[in-house]
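Chemist: sequence plus the predicted model coming up.
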Amino acid sequence: MREPGAARSARKAGRFAQQRMVKKMQPNIGSQELHQHLKTHGRAEIDGWAINADGAEIWLTNPYGIDVGFYDNDAEGCGRILERISTDDHEREWGTL
């Protein structure tokens, strides 16, 4: 049986391994390009937002680590994600940390 600290360290290592594999993309990409990337790799990051494809849905996580929406896994869903990221005003609402 693992010690609690060892389990936590294993989770951290797994999370960091996933983060290294995430491609950081520019916010000015097109919805088709984002959709192709998600079909191939399953994950992307734009301006701190995490975009993860899971079957028929894509979920969006804001820069604070909160899941904020699910979208269809198609180019139209990717377009809605890009629009949400481009119009987000989280820095004005929450201030900079």
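Modeler: Looks like it came in fine. Numbers count the residues shown, from 1 in each chain.
Chemist: can you list the weak-confidence ranges in this structure?
Modeler: By pLDDT under 70, the weakly predicted segments of the chain are 1-23, 27, 89-97.
Chemist: hey, where'd the helices end up in it?
Modeler: Assigned by DSSP state H, the chain shows helices spanning 4-21, 31-41, 75-87, 90-94.
Chemist: what's the closest non-adjacent residue to His37?
Modeler: Residue nearest to His37 in three dimensions, not counting chain neighbours: Ala44, with 5.5 Å by Cβ to Cβ, 6 or more residues apart in numbering. For the C-beta atoms, the positions are set from N, CA and C on the backbone; glycine is no exception.
Chemist: I meant to write Gly69 there.
Modeler: Leaving aside its sequence neighbours, Gly69 sits nearest to Leu60 (Cβ to Cβ, 6+ apart; 4.8 Å).
Chemist: pretty sure the residue nearest to His37 contacts Leu34?
Modeler: Yes: contact status for Ala44 versus Leu34: in contact at 6.5 Å, counting by Cβ atoms under 8 Å.
Chemist: now do the shared contacts for those two.
Modeler: Taking Cβ atoms under 8 Å, 6 or more residues apart in numbering as the criterion, Ala44 and Leu34 both touch 25, 51.
Chemist: my understanding was that Asp47 contacts Leu82; is that so?
Modeler: No: Asp47 is beyond contact range of Leu82, at 10.5 Å (criterion: Cβ under 8 Å).
Chemist: of those two, who's got more company?
Modeler: Using other Cβ atoms under 10 Å as the criterion, Asp47 and Leu82 rank with Leu82 on top: 21 against 13.
Chemist: ok, now how distant is the more buried one from Asn28?
Modeler: According to Cβ to Cβ, to the nearest Å, Leu82 and Asn28 sit 9 Å apart.
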